[in-house]
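Participant: Turn this into a model:
(one chain, ligands or ions: 1)
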Amino acid sequence: MSTTKPFKVLIAHTDVPPEGIEILKEQCEILQVMNEPPKNRPEILEKIKGAHAVIWGGRDILNAEILDAAGPQLKAVSTMSSGINNVDVPELRKRGIPLGSTPAMLTVAVADLTVGLLIAAARRFQEGRRKIDSDKWDKDHLNWMLGQDIRDSTVGFYGFGGIGQAVAKRLMGFEIECVLYTTRNRVSQDIEEQFNAKKVDFETLLAESDFLIIASPLTKDTLGLFNATAFNKMKETAVLVNVGRGKIVNQDDLYEALKSNRIFAAGLDVMDPEPLPSNDKLLTLDNVVVTPHVGYATRRTRVDAANLASRNVLRGLAGEPMLSPAY
Ligand SMILES: O=C(O)[C@H](O)CO
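Facilitator: Below is the predicted model of the structure:
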């Protein structure tokens, strides 16, 4: 009996959890990349030859070079991420190759981390740690290190999709006053009622938010949108949290706004560039809390993303719409 399987699937990163790969094994021969970045690139270029599908599990760029190396039989690609800025989307579209991504899988993990950053920035975790490290813990004044209340606050969302709504759901437990959001399309009335949410223009979002959470993708319209002009319209007590993409914020302008206390604080899981160099001026500030782009990084999120990516490519290989198409 022949054991030949009809498809070959390249797993292009060592970080893809085996549970996700298992789903593919009945129908597909697995081509696994074993080297870590950047040494994985030559290995991908070699192993992808003749592949019918790819699980693109890392942050390096899938572009024409990779697609050319694969050959014309390539029928399906899925990332294991929400953002698809690691894929040359126009190139894939041009070649008619369906692309899947896995945004819904990381919603909960990113929302949890967003709340963590919001509290850490509002309650001055970074500064407090530095005070301890430098023996400047002031035990004589109870009005020391006062932070911003979440209770009764107006929470603004730039981008109010799955992640934004999951953050709002969590913040309801903190007795916030209301949600403002800026998106292209209005969310349903049910969702607005659930979160006491109102769609507003960008200017209103800036002016009225006590906490402003960026949870939108990077596009040509969002690139550098949060700049000095925007920060100058925000409250001096405002806390900015960015879990979208680093380049949505003009980081030099953010540095100035934080340094001059034009805004109160920022919590960032995404920066520009990534990795942020350890000598970046942003890190000298007390009123910024940073995490190294780990919003999605829980074991369950990665397994769920691998499962969905595999199901996406199986659908693509069968000529069916992907479960979670990126376009
Ligand atoms: O978009 C995503 O999936 C995360 O930010 C990791 O890149």
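Participant: C-alpha only now, for contacts and for neighbours.
Facilitator: OK.
Participant: Contact residues of the stretch 1-150 of the chain facing the ligand?
Facilitator: With C-alpha under 6 Å from any ligand atom as the criterion, the stretch 1-150 of the chain comes near the ligand at residues 81-83.
Participant: Adding pLDDT and neighbour count as columns, could you present these in a markdown table?
Facilitator: Output for these, formatted as a markdown table (pLDDT from 0 to 100; neighbours: other C-alpha atoms under 10 Å):
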| residue | pLDDT | neighbour count |
| --- | --- | --- |
| S81 | 92 | 25 |
| S82 | 91 | 19 |
| G83 | 89 | 18 |
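Participant: Using CSV, please lay out those residues together with secondary structure and distance to A297.
Facilitator: Converted to CSV, these look like this (DSSP: H, G, I helix; E, B strand; the rest coil; distance: C-alpha to C-alpha, whole Å):
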residue, secondary structure, distance to A297
S81, coil, 11
S82, coil, 12
G83, coil, 14
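Participant: those strands in the stretch 201-327 of the chain, which residues are they?
Facilitator: According to DSSP state E, counting those that start in this stretch, the stretch 201-327 of the chain carries its strands in the segments 211-214, 239-242, 265-268, 288-290.
Participant: So the third one, near the ligand or not?
Facilitator: The reference is to strand 265-268. No. Counting by C-alpha under 6 Å from any ligand atom, the ligand has no neighbours in strand 265-268; the shortest distance is 12.0 Å.
Participant: name the helices or strands packed onto that strand?
Facilitator: helix 107-122, strand 239-242, strand 288-290 (3 or more C-alpha pairs under 8 Å, 6 or more residues apart in numbering; DSSP states H and E).
Participant: among the ones you listed, which is the most enclosed?
Facilitator: strand 239-242 (a mean of 26; mean count of other C-alpha atoms under 10 Å).
Participant: check whether it contacts the ligand.
Facilitator: No. Using C-alpha under 6 Å from any ligand atom, strand 239-242 never reaches the ligand; the gap is at least 11.1 Å.
Participant: How far does that strand sit from its chain's centre?
Facilitator: 14 Å (C-alpha atoms, centre = their mean, to the nearest Å).
Participant: Remind me what that strand packs against, helices and strands.
Facilitator: Contact here means 3+ C-alpha pairs under 8 Å, 6+ apart; on that basis strand 239-242 packs against helix 107-122, strand 211-214, strand 265-268.
Participant: Dump the ones you listed into a markdown table; add mean pLDDT and distance to V179 as well.
Facilitator: Listed next are these as a markdown table, based on pLDDT from 0 to 100; distance: least, C-alpha to C-alpha, whole Å:
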| stretch | mean pLDDT | distance to V179 |
| --- | --- | --- |
| helix 107-122 | 98 | 14 |
| strand 211-214 | 99 | 10 |
| strand 265-268 | 99 | 19 |
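Participant: how about JSON lines for these, with distance to V239 added?
Facilitator: Formatted as JSON lines, the helices and strands packed on strand 239-242 follow (distance: least, C-alpha to C-alpha, whole Å):
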{"stretch": "helix 107-122", "distance to V239": "6"}
{"stretch": "strand 211-214", "distance to V239": "5"}
{"stretch": "strand 265-268", "distance to V239": "5"}
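Participant: so which of those gets nearest A12?
Facilitator: helix 107-122 (23.5 Å; C-alpha to C-alpha).
Participant: Using neighbour counts, pick out the buried residues of stretch 202-213.
Facilitator: For stretch 202-213, burial by neighbour count (16 or more other C-alpha atoms under 10 Å) applies to 202, 204-213.
Participant: now, among these, which is nearest to the ligand?
Facilitator: I213 (14.8 Å; C-alpha to the nearest ligand atom).
Participant: Correct me if wrong: that closest one contacts T154.
Facilitator: No. The criterion here is C-alpha atoms under 8 Å, and I213 misses it with T154 at 11.1 Å.
Participant: And whatever residue of the stretch 101-250 of the chain ends up closest to the ligand, what's its pLDDT?
Facilitator: Of all residues in the stretch 101-250 of the chain, P103 sits closest to the ligand, at 6.5 Å by C-alpha to the nearest ligand atom. For P103, the model assigns a pLDDT of 93.
Participant: these two touch, right, V16 and L308?
Facilitator: No. At 11.6 Å, V16 does not count as touching L308 under the criterion of C-alpha under 8 Å.
Participant: quick revisit: can I get the buried residues of stretch 202-213 in TSV including distance to P6?
Facilitator: Listed next are the buried residues of stretch 202-213 as TSV, based on distance: C-alpha to C-alpha, whole Å:
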residue	distance to P6
F202	51
T204	56
L205	53
L206	54
A207	58
E208	57
S209	55
D210	56
F211	52
L212	50
I213	46
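Participant: Spit out the contact partners of the nearest residue to the residue of the stretch 101-250 of the chain closest to the ligand once chain neighbours are set aside.
Facilitator: Excluding the flanking residues, the one nearest P103 by C-alpha to C-alpha, 6 or more residues apart in numbering is S82, at 3.9 Å. By C-alpha atoms under 8 Å, 6 or more residues apart in numbering, S82 lies in contact with 101-104, 106.
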